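> Predicted model follows, preceded by the sequence.
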Amino acid sequence: MKNVLSTFRTLLFAFALSLPLISQADNHMYLGPEKPKSFNMGMYQIANTSKVNLAIVKGATARMTILIKDENGTVLHRETLSKGTEYYKRKFDLKEMGNGTYYFEMITNEEVITKKVTISTAREQVIALEQ
């Protein structure tokens, strides 16, 4: 059952990541005021955990910086993808950072995309009833 769920999540993630590519396939000659994105990304938090999956598809000639910041703007993690890297996939575990709001920033020369993630783990509470 665990393998089935894992396979289903992987397929769902791959489908979600391919949606922007499918939607841009027909408008390759688009000349409007907005230029196409320099990369496509998919990111989701695994339910009831502090884990976040991130996948990026970018051009081989573009560099990218990935930052994780806290609510105050302090950089907690920095990672640079070189020009030759086209595909990137990583699972981040924010458990050690504790509960709070965090921001993932994907930065290229052309654009910056920021995604917000809120971590709130449930704590066990003991309730005593008096009779």
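Done, it's in. Numbers count the residues shown, from 1 in each chain.
> Let me know whether G84 touches K58 as I believe.
No - the criterion here is Cβ atoms under 8 Å, and G84 misses it with K58 at 10.7 Å. In this view, the C-beta of every residue, glycine as well, is placed from N, C-alpha and C.
> which of the two has more neighbours?
K58 (21 against 8; other Cβ atoms under 10 Å).
> got a pLDDT number for the residue nearest to G59 when sequence neighbours are not counted?
Of all residues not flanking G59 in the chain, S38 sits nearest, at 6.5 Å (Cβ to Cβ, 6 or more residues apart in numbering). pLDDT for S38: 79.
> How about T49?
So T49 comes in at 85 (pLDDT).
> tell me the SS of it?
Here T49 is recorded as coil under DSSP: H, G, I helix; E, B strand; the rest coil.
> That one and L94, how far apart?
Distance of T49 to L94, given as Cβ to Cβ, to the nearest Å: 9 Å.
> Those two: who's more crowded?
L94 (20 against 12).
> what about the residue nearest to G59, neighbour count?
Residues near S38, counting by other Cβ under 10 Å, number 16.
> Phi, psi for it please.
Main-chain torsions, S38, degrees, to the nearest 10: phi -80, psi -10.
> Thanks a lot, see you next time.
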